[in-house]
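Kindly return the folded structure for what I paste below:
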Amino acid sequence: MLRRGVPASTNPGAATSLETPRLLLRRWRDDDLDGFAAITAQPEVMRFIHDGRTLDRAATAERLAAYERHWDERGFGLYAAEVKETGELAGFTGLAVPAFLPEIMPAVEIGWRLGRAYWGQGLATEAARAVVAHARASPGLRRLVSIHVAGNEASARVMVKLGMALERETVQPDTGRPVRVYAMNL
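Okay, here's the model as predicted:
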């Protein structure tokens, strides 16, 4: 179960929410589970995530709990992306430690995932730019990476729009899927 009203961190540089013209990027709430479960159940959304399988509600709840633990342990994490106009959950954008790809560690990754209904509107780029701006203002963070499964050209375009450049092509060890790593200095 997610906790409400718990500060993300005692780190003074941590922001528990960010705003863009169309989105509120905020910590996860209990009532986000159903909306996020609907997103992770979409095959077209999940085809480029991990091994390409969709998640059921229980697996999605585990994922959200892991996202919150990351916030509590690291002082940063993945923000729930809420559409200001409607209050709907569009997906997420934020920062994480990409331990699934040991060859690039230590690293901090910027990532995003939006429900299919929110594709093609520039929301991933808008949200990611806000996260990059916040990361630039954070002491000690000098570099960001972003990783996509080969073939996910929509994510690659967002990475390029952020000013990232292809750093390497490799294989994700636990899935065997080819991935591309983009990077940028802050």
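
Next, the nearest residue in space to residue 42 that is not next to it in sequence: phi, psi?
Spatially, and ignoring its direct neighbours in sequence, residue 42 is nearest to residue 116 (5.3 Å; CB to CB, 6 or more residues apart in numbering). Where C-beta positions appear, they are placed from N, C-alpha and C, glycine not excepted. Backbone torsions of residue 116, given as degrees, to the nearest 10, read phi -50, psi -40.

repeat for residue 84
Main-chain torsions, residue 84, degrees, to the nearest 10: phi -60, psi -40.

Next, please give the residue ranges for the strands of this protein.
Taking DSSP state E as the test, the strands found in the chain are 17-19, 23-26, 78-83, 89-96, 109-114, 143-149, 165-171, 178-185.

Turn those strands into a markdown table, columns for mean pLDDT and mean neighbour count.
Shown next, in a markdown table, are the strands of the chain (pLDDT from 0 to 100; neighbours: other CB atoms under 10 Å):
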| stretch | mean pLDDT | mean neighbour count |
| --- | --- | --- |
| strand 17-19 | 95 | 14 |
| strand 23-26 | 98 | 20 |
| strand 78-83 | 98 | 24 |
| strand 89-96 | 97 | 24 |
| strand 109-114 | 98 | 21 |
| strand 143-149 | 97 | 20 |
| strand 165-171 | 98 | 12 |
| strand 178-185 | 97 | 18 |
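
out of those, which comes closest to residue 51?
Among the strands of the chain, the nearest to residue 51 by CB to CB is strand 143-149 (9.7 Å).

Can I get the closest one as PDB, trimmed to CA atoms?
Extracted in PDB, the C-alpha atoms of strand 143-149 (Å, rounded to 0.1, in the frame of the first residue of the first chain):
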ATOM      1  CA  ARG A 143      24.900  13.100 -16.000                       C
ATOM      2  CA  LEU A 144      21.700  11.300 -17.000                       C
ATOM      3  CA  VAL A 145      21.200   8.300 -19.200                       C
ATOM      4  CA  SER A 146      18.000   7.000 -20.800                       C
ATOM      5  CA  ILE A 147      17.600   3.400 -22.100                       C
ATOM      6  CA  HIS A 148      15.200   2.000 -24.700                       C
ATOM      7  CA  VAL A 149      14.600  -1.400 -26.200                       C
END
